[in-house]
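Undergrad: could you look at this predicted model? Sequence included:
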Amino acid sequence: MERGRIERKYEKERVTRGHWKGRLPCERIMGTRSDNHALILGLLIGVCVFCQCSATLLDTNALLVVNASKDSIRKIPETLFGVFFEEINHAGAGGLWAELVNNRGFEAGGQHSPSLIDPWSLIGDDLLVRVSTDLSSPFKRNPVALRMEVLCDKDCPAGGVGIFNPGYWGMNIEQGKTYNLVLYVRSPESVNVSVSLTDSIGVQSLASTSIIATDVSNWTKVVAKLEATATNKNARLQLQTNKKGVIWFDQVSLMPTDTYKGHGFRNDLFKMVQDLEPAFIRFPGGCFVEGEFLKNAFRWKETVGPWEERPGHYGDVWFYWTDDGLGHYEFFQLAEDLGAAPIWVFNNGVSHQESVNPLLIEPYVQEALDGIEFARGSPNSTWGSIRAAMGHPEPFDLKYVAIGNEDCGKPYYRENYLKFYAAIRKAYPDIKMISNCDASSKPLDHPADMYDFHIYSDASTVFSQAKAFDHTSRTGPKAFVSEYAVTGKDAGLGSLLASLGEAGFLIGIEKNSDAVEMASYAPLFVNKNNIKWQPDAIVFDSSQSYGTPSYWMQHFFKESNGAALLNSTLQSNSSSSLQASAILFQDPVDKKHYLRVKVVNFGSTKVNLKIAIDGVDPNSLDTSGSQTVLSSTNVMDENSFANPEKITPIRSLLEKAGKNMDVTLLPHSLTCFDVLTKSDITQITTTTDDKSHVSSM
């Protein structure tokens, strides 16, 4: 996603004309159609007397007719709703990636000597201990190491002098948990270093161990475990000694032992993503892939292999350093752990400020091919062997790649795109390639399997974009709505209003899923201490997290992947404030089949809604069901650490369910109604020619 200061090339407001206004079954019988409400109501009175209709706009605010007949059913893509991860807002470094040490290799100040070592700080003053950096590291790709000269001896203060690291705005250390410590040390003399976890001021000890060695004249790897005896959410790691001399440190790492499957992902944040049941995950960006300048772009080859050897890089779009512990391999592992299809976005020789000339693009093309080989190659291939050495001999299931991010219109994009496309198609003919150019309103002028579509705007505009794909061609490449969100004053830090605008948009995506292949919200994560973009789906700090209303809104759509979409027609006295859809799905837990109706009431008044299920045997629907509502008393309400569940889905019993239901929609609400079907309704529904289709109304 582009920063606010970068002019977007995506049209934020698109006027959709000629949108088909669905008609009621009785209207279809009589062949009438009118946009005049008075005429419609008059005709409905007469027609429904003839047809014995039980549901009209005469006694309700809105009427939703769901056609469950066989010829109304269309399968939704298995991949429709997923997630997008970008290294933004410290989403990975200090977030999902569980490494606790910030700037573990002392590289964040650049490969210079001396350089900054923030956030490392001194324990003791500069009369007792001095630190600087030099280029003596044992790792060629990240040569910086820390040199610590201890000037005191017996006159050192109690506990000694040294350095400490506060992590990412404090380390969350929990009593009873164990933490893996790894560091490299060198000294011409013997060493006696105390390693401890303490509170933020170094007074309370939470865990400790000692490094005692007589010969560390060569770089030596030290591995230890620290078991916490107390809990502190704002802890720090300390390295101290009271022995005079010089010690070098490098690659100091502290990881919890209980990361998800031992793969390095912070458990609570991983679970929040997992609970969305995403069909895919797009990574690693976003602008993070491009960089403001190419020298700071995400280059996958520098993020694989042993973590100690990764040079890390400065993300000059979002302005912070990452050691790339969360690298190319880890992203594919994340996708596999989530059970989500990986979508790799690679740099195509374009940054925000630069574009590589087509005559010089070949090395970038080869880099992309090598990245695919890393994921899919055999364990005996050049890059597949590196993946295998990292612990995954079997190939990852990579089927989608995006050639750049938001680069359409930048110099040389199309010329270079064609070179990437041809090379990947030749080497991997099954991989689907995604163009950055929007084809929702006019055809692409180049081949692609999908095209990218991004939308960021106010709530009303995003809600109105439910119709954005109504008139998009159903032939040719499908849309990948890889970034959508309500932004600006409507959004705050994550408001109910934002989530409702997005829900209306997603209902449109669902109903147009023959033109849209995938959709994902952006951004996924934000560390409350480093908000570079707002709002976001999941907010966290070192010890806690919560979902914004936009996060909970996405839960209403996770059953839609692979479900059966039913044709539905909404008639309303305030149709501009309502969006609705209907699906049939099988619950993966209880294995039962359900009919679900989702309705967004974007307006400020209560709506009485009649739901009529047409084209199905009444005995196939249960008489009871459930309703789940996302709403609040104030449309600008938000969740917070103080009240993380202020706006979350509330489920209750739906009485008198069945073919005809009278329900109430709260103002500013998203509601889904689930009705149990007594079997797979897609196998027993009638056709639209069946007389029950008429008499039921």
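TA: Right, received. Where do you want to start?
Undergrad: how about the strands of the stretch 251-400 of the chain, start to end?
TA: For the stretch 251-400 of the chain, the strands defined by DSSP state E, counting those that start in this stretch occupy 280-283, 313-315, 320-322, 341-346, 400-403.
Undergrad: pick the most deeply packed of those strands.
TA: Comparing the strands of the stretch 251-400 of the chain on average neighbours per residue, with mean count of other C-beta atoms under 10 Å, the densest one is strand 280-283 at a mean of 28. Every C-beta, even on glycine, is put in place using the N, C-alpha and C of the backbone.
Undergrad: and it, what does it pack onto?
TA: Where contact means 3 or more C-beta pairs under 8 Å, 6 or more residues apart in numbering; DSSP states H and E, strand 280-283 is packed against strand 81-84, helix 328-338, strand 341-346, strand 516-521.
Undergrad: could I get these as TSV with mean pLDDT and distance to G371?
TA: As requested, those are exported to TSV (pLDDT from 0 to 100; distance: least, C-beta to C-beta, whole Å):
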stretch	mean pLDDT	distance to G371
strand 81-84	98	18
helix 328-338	98	7
strand 341-346	98	6
strand 516-521	98	20
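Undergrad: dump these to JSON lines, plus distance to S640.
TA: Converted to JSON lines, the helices and strands packed on strand 280-283 look like this (distance: least, C-beta to C-beta, whole Å):
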{"stretch": "strand 81-84", "distance to S640": "22"}
{"stretch": "helix 328-338", "distance to S640": "27"}
{"stretch": "strand 341-346", "distance to S640": "32"}
{"stretch": "strand 516-521", "distance to S640": "19"}
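Undergrad: and the strands of the stretch 251-400 of the chain as TSV, adding distance to Q534?
TA: Converted to TSV, the strands of the stretch 251-400 of the chain look like this (distance: least, C-beta to C-beta, whole Å):
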stretch	distance to Q534
strand 280-283	20
strand 313-315	18
strand 320-322	16
strand 341-346	22
strand 400-403	24
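Undergrad: could you pull out the helices in the stretch 401-550 of the chain for me?
TA: 413-427, 459-464, 496-511, 549-555 (DSSP state H, counting those that start in this stretch).
Undergrad: let me redo that: the stretch 251-400 of the chain
TA: For the stretch 251-400 of the chain, the helices defined by DSSP H, counting those that start in this stretch cover 267-274, 287-290, 328-338, 362-376, 384-389.
Undergrad: wait, which of the ones you listed is closest to R186?
TA: R186 sits nearest to helix 384-389 of all these, at 26.2 Å, using C-beta to C-beta.
Undergrad: quick one: buried residues of that closest one?
TA: Across helix 384-389, burial judged by 16 or more other C-beta atoms under 10 Å covers G384, S385, I386, R387, A388.
Undergrad: and for stretch 367-382?
TA: Neighbour counts using 16+ other C-beta under 10 Å place E367, A368, L369, D370, G371, I372, E373, F374, A375, R376, G377, S381 of stretch 367-382 among the buried residues.
Undergrad: neighbours around the nearest residue to the fourth one once chain neighbours are set aside, how many?
TA: It stands for D370. Spatially, and ignoring its direct neighbours in sequence, D370 is nearest to W383 (5.2 Å; C-beta to C-beta, 6 or more residues apart in numbering). By other C-beta atoms under 10 Å, 20 other residues sit near W383.
Undergrad: got a list of what W383 touches?
TA: W383 sits next to D370, G371, E373, F374, G377 when contact means C-beta atoms under 8 Å, 6 or more residues apart in numbering.
Undergrad: just send these back as TSV, with distance to I201 too.
TA: Output for these, formatted as TSV (distance: C-beta to C-beta, whole Å):
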residue	distance to I201
D370	48
G371	45
E373	50
F374	45
G377	51
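Undergrad: just give me the closest of the residues you listed to F84.
TA: G371 (18.5 Å).
Undergrad: shouldn't that closest one be in contact with W300?
TA: Yes. Judged on C-beta atoms under 8 Å, G371 makes contact with W300 at a distance of 4.9 Å.
Undergrad: relative to R299, how far out is the closest residue to E302 other than its chain neighbours?
TA: Spatial nearest neighbour of E302, excluding adjacent residues (C-beta to C-beta, 6+ apart): P311 at 5.6 Å. Separation of P311 from R299 (C-beta to C-beta, to the nearest Å): 10 Å.
Undergrad: ok, back up a step: of all the helices of the stretch 251-400 of the chain, which one is nearest D452?
TA: Proximity to D452, assessed across the helices of the stretch 251-400 of the chain by C-beta to C-beta, is greatest for helix 287-290 (12.4 Å).
Undergrad: which residues touch the closest one?
TA: With contact meaning C-beta under 8 Å, 6+ apart, helix 287-290 is reached by 1-3, 86-88, 297-298, 315, 317-318, 345-347, 350-352, 404-407.
Undergrad: ditto for stretch 251-265
TA: 96-101, 104-105, 137, 139, 142, 165, 171, 177-184, 225-226, 237, 239, 266-267, 270-271, 307-308, 325-326, 330, 333-334, 337.
Undergrad: for the record, mean pLDDT for that stretch?
TA: Average pLDDT, stretch 251-265: 98.
Undergrad: next one: stretch 184-191
TA: Stretch 184-191 comes out at a mean pLDDT of 97.
Undergrad: only alpha carbons, please: show that stretch as CSV.
TA: Only the C-alpha atoms of stretch 184-191 are listed here, as CSV (Å, rounded to 0.1, in the frame of the first residue of the first chain):
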residue,chain,number,x,y,z
TYR,A,184,28.2,-15.0,19.9
VAL,A,185,31.1,-13.8,22.1
ARG,A,186,34.8,-13.2,21.7
SER,A,187,37.5,-12.0,24.0
PRO,A,188,41.3,-12.3,24.3
GLU,A,189,40.9,-13.2,28.0
SER,A,190,38.5,-15.5,29.9
VAL,A,191,35.0,-14.1,30.4
